[in-house]
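Visitor: The following block contains a protein sequence and its predicted model.
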Amino acid sequence: MADFVGAVDQGTTSTRFMIFDHSGNEVGKHQLEHEQIMPKPGWVEHNPTEIWERTRSVIETALHQTNLTAADLAAVGITNQRETAVVWNRRTGRPYYNAIVWQDTRTDRIASALDRDGRGDVIRTKAGLPPATYFSGGKIQWILENVDGVREAAEAGDAIFGNTDTWLLWNLTGGTNGGVHVTDPTNASRTMLMNLETLDWDDELLSFFGVPRSMLPEIKPSSNPDFYGKTLANGPFGGEVPLSGDLGDQQAATVGQVCFGVGEAKNTYGTGNFLLLNTGNELVRSKSGLLTTVCYQFGGEAPVYALEGSIAVTGSAVQWLRDQLGIISGASQSETLARQVEDNGGVYFVPAFSGLFAPYWRSDARGAIVGLSRYNTNAHLARATLESICYQTRDVVEAMRQDSGVSLDVLRVDGGVTANELCMELQADILGVPVSKPVVAETTALGAAYAAGLATGFWASTEELKQNWNEDRRWEPRWSDEQRATGYAGWKKAVDRTLDWVDVD
């Protein structure tokens, strides 16, 4: 009897493999970072071969540490950094180019050209997305146009594309020896190439980017009772396990937070922030700068949609304090430093390193620290950094309220930054609603495990999953209404100062 479910969580900075029991408790984990490659300003890349090697390693190590084998796993799910694009040769298995990461801005001219001639409105209607450097479609186009031989290989059917979920599924199921070329609707909905209503690649959208349909993976449900495939005996699992769950990381966190009801929302604090609001089977078109995306599709059921607010730089702003400025030695020290002051001392930090994502979608913006005087110290900057995470979240919550009419009663949170108590206190203060963190904070991997386990019957229903959710900590708002309004007004002024900094053709 298989008592556990595994999940590969392939993220922006690291890859981990986690093992969960029937109650959703973590029983094993191993994690490894991979290199961040930045060859030019605004360019961010990963080595897909390194990611595959790291994936193999974390699976093998986690199984070894827990004395488990493939026979102990009822299913395996995959979750991933969503828009990061890989193009490789299906015959050799070799990538033609590094993975172009979701944060990369080299495709800004592609995105702005789409908006100039009206194609952008078609993309918004069909794909639910604004033309932006964030999404995969422009990255595929860039590789086709700039890497020798790829266009010809794509036309011949040899060059294929996937986000990192597809790359790993292909390798785990055999690679050049019969590997499956598949994805799910949550990942496909991040490409600007999938029609949200049909859940299929759209020929008109493909024509905008010059992407041959033959490059693209087959789209199958996020929780797939027919499996995408099985792991191989000579692979990292050392045996056959059904690969039956696939969700983009933020949708996986929504499932892990059991936000299965219309109007339920979660916010994940990682490299960036991602707030998703479940809108049920209704496709809500945003008028306020949010994304309309697929939340999940379980088996043969109708897809569930979501509104999403994607924020590019939150946790990575704290990394910037550590790595580029050197004012802290570790992420946890940001809280200690920020607690040395009572407030931000008039300082606001807008970390628009790669432009502003939701709800602004301004690729011309760049980071700015404003309001400095001789009075200010590094502690004020540390606090302003934590506040920037929370103010960007409020921007998204305000947009969601305008689009959906839903006012949050509570915000469910997860991700690495939730370990920062001060940041979560500030989040409750700035939003004016309670902030709630679950016992199992690794909700992204847990959501992938849930999708995989639902497909194989390891869990019977979403109702069973809801019983696994337990609150670990709750932060209540303490600021006055006046304090909240004044602080937010200062933030909006700071955002205005970042705009029109870069000339975009």
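Guide: Yep, that arrived.
Visitor: Now for Glu33, how many residues are close by?
Guide: A count of neighbours around Glu33, defined by other C-beta atoms under 10 Å, yields 11. Where C-beta positions appear, they are placed from N, C-alpha and C, glycine not excepted.
Visitor: Next: Gly137.
Guide: Gly137 sits with 30 neighbouring residues when counted by other C-beta under 10 Å.
Visitor: Need phi/psi at it.
Guide: phi -50, psi -50 (degrees, to the nearest 10).
Visitor: quick one: it and Met194 touch, right?
Guide: No - the criterion here is C-beta atoms under 8 Å, and Gly137 misses it with Met194 at 9.6 Å.
Visitor: tell me the SS of the nearest residue to Ala358 once chain neighbours are set aside?
Guide: Among residues not flanking Ala358 along the chain, Gly309 sits closest, at 4.1 Å (C-beta to C-beta, 6 or more residues apart in numbering). On the three-state scheme (DSSP: H, G, I helix; E, B strand; the rest coil), Gly309 is labelled strand.
Visitor: can you give me the strands for the stretch 301-450 of the chain?
Guide: Assigned by DSSP state E, counting those that start in this stretch, the strands in the stretch 301-450 of the chain fall at 304-311, 348-350, 368-370, 411-414, 435-438.
Visitor: Dump those into TSV; add mean neighbour count, distance to Asp117 and mean pLDDT as well.
Guide: Shown next, in TSV, are those (neighbours: other C-beta atoms under 10 Å; distance: least, C-beta to C-beta, whole Å; pLDDT from 0 to 100):
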stretch	mean neighbour count	distance to Asp117	mean pLDDT
strand 304-311	26	25	92
strand 348-350	25	31	97
strand 368-370	18	31	97
strand 411-414	24	39	93
strand 435-438	22	43	94
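Visitor: With distance to Gly261 as extra columns, can I get these in a markdown table?
Guide: Formatted as a markdown table, the strands of the stretch 301-450 of the chain follow (distance: least, C-beta to C-beta, whole Å):
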| stretch | distance to Gly261 |
| --- | --- |
| strand 304-311 | 10 |
| strand 348-350 | 34 |
| strand 368-370 | 39 |
| strand 411-414 | 12 |
| strand 435-438 | 15 |
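Visitor: among those, which is nearest Met424?
Guide: strand 435-438 (5.4 Å; C-beta to C-beta).
Visitor: In its sheet, which strands sit next to the closest one, and in what direction?
Guide: Take DSSP bridges as the rule and strand 435-438 pairs in its sheet with strand 411-414 (parallel), strand 471-475 (antiparallel).
Visitor: now those in CSV, with distance to Asn420?
Guide: Below are these laid out as CSV (distance: least, C-beta to C-beta, whole Å):
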stretch, distance to Asn420
strand 411-414, 11
strand 471-475, 11
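Visitor: among those strands, which is nearest Asn267?
Guide: strand 411-414 (5.2 Å).
Visitor: got the contact list for that closest one?
Guide: By C-beta atoms under 8 Å, 6 or more residues apart in numbering, the residues outside strand 411-414 that reach it are 253, 256-257, 259, 264-269, 393, 397, 424, 427, 431, 433-438, 441-444.
Visitor: same question, stretch 309-319
Guide: With C-beta under 8 Å, 6+ apart as the test, stretch 309-319 has contacts from 103, 134, 250, 269-275, 290-291, 328, 331, 334, 349, 351-359, 367, 385-386, 388-389, 392-393, 395-397, 399-400, 415-417.
Visitor: Could you check how far that stretch is from the centre of its chain?
Guide: 11 Å (C-alpha atoms, centre = their mean, to the nearest Å).
Visitor: buried set for that stretch?
Guide: If you call a residue buried by 16 or more other C-beta atoms under 10 Å, then stretch 309-319 has these buried ones: Gly309, Ser310, Ile311, Ala312, Val313, Thr314, Gly315, Ser316, Ala317, Val318, Gln319.
Visitor: quick check, nearest of those residues to His46?
Guide: Looking across these and measuring by C-beta to C-beta, the closest to His46 is Ser316, at 14.6 Å.
Visitor: Stretch 424-437 spans what distance, first to last residue?
Guide: Start-to-end span of stretch 424-437 (C-alpha to C-alpha, to the nearest Å) is 9 Å.
Visitor: How many residues are close by Ala441?
Guide: Per other C-beta under 10 Å, the neighbour tally for Ala441 reads 18.
Visitor: same question, Gln103
Guide: Going by other C-beta under 10 Å, the residues that sit close to Gln103 add up to 26.
Visitor: does it belong to a helix or a strand, and which?
Guide: Assigned by DSSP states H and E, Gln103 belongs to neither a helix nor a strand.
Visitor: quick one: the nearest residue to it once chain neighbours are set aside and Tyr305, what's the gap?
Guide: Of all residues not flanking Gln103 in the chain, Val44 sits nearest, at 4.6 Å (C-beta to C-beta, 6+ apart). Computed as C-beta to C-beta, to the nearest Å, the Val44 to Tyr305 distance reads 29 Å.
Visitor: quick one: Ser334 and Leu321 touch, right?
Guide: Yes - counting by C-beta under 8 Å, Ser334 does reach Leu321; the two are 6.2 Å apart.
Visitor: who has more neighbours, the two?
Guide: Per other C-beta under 10 Å, whichever of Ser334 and Leu321 has more neighbours is Ser334, with 25 against 21.
Visitor: Let me know the secondary structure of Gln251.
Guide: helix.
Visitor: What about it, how many residues nearby?
Guide: Applying other C-beta under 10 Å, we find 33 residues neighbouring Gln251.
Visitor: what pLDDT, on average, does the helix or strand harbouring His64 get?
Guide: Assigned by DSSP H and E, His64 falls within helix 48-66. Average pLDDT, helix 48-66: 97.
Visitor: Could I get the buried residue list for that helix?
Guide: Result for helix 48-66 [16+ other C-beta under 10 Å]: buried residues 48-52, 54-56, 58-63.
Visitor: Please apply the same query to stretch 223-243.
Guide: Under the neighbour-count criterion of 16+ other C-beta under 10 Å, stretch 223-243 has 223-224, 227-232, 235-239, 241-243 buried.
Visitor: Show me these that map onto strands.
Guide: Using DSSP state E, the subset of these located in strands is Gly229, Lys230, Pro242, Leu243.
Visitor: Tell me who's in contact with the second one.
Guide: Taking C-beta under 8 Å, 6+ apart as the definition of contact, the neighbours of Lys230 are Thr173, Glu240, Val241, Pro242, Leu243.
Visitor: can you pull the buried residues of the top helix by length along the chain?
Guide: If you go by DSSP state H, the chain has its longest helix at helix 378-404. For helix 378-404, a neighbour-count test (16+ other C-beta under 10 Å) marks 378-397, 399-400, 403-404 as buried.
Visitor: And stretch 75-93, by the same measure?
Guide: Using 16+ other C-beta under 10 Å as the test for burial, stretch 75-93 gives 75-90, 93.
Visitor: now the end-to-end length of stretch 261-278.
Guide: When the termini of stretch 261-278 are compared using C-alpha to C-alpha, they are 7 Å apart.
Visitor: Give me the distance between Ala7 and Gly238.
Guide: Per C-beta to C-beta, Ala7 is found 17 Å from Gly238.
Visitor: ignore the last one, Asp496
Guide: For Asp496 relative to Gly238 (C-beta to C-beta), the value is 56 Å.
Visitor: doesn't His30 fall inside a strand?
Guide: Yes - the assignment for His30 is a strand, going by three-state DSSP.
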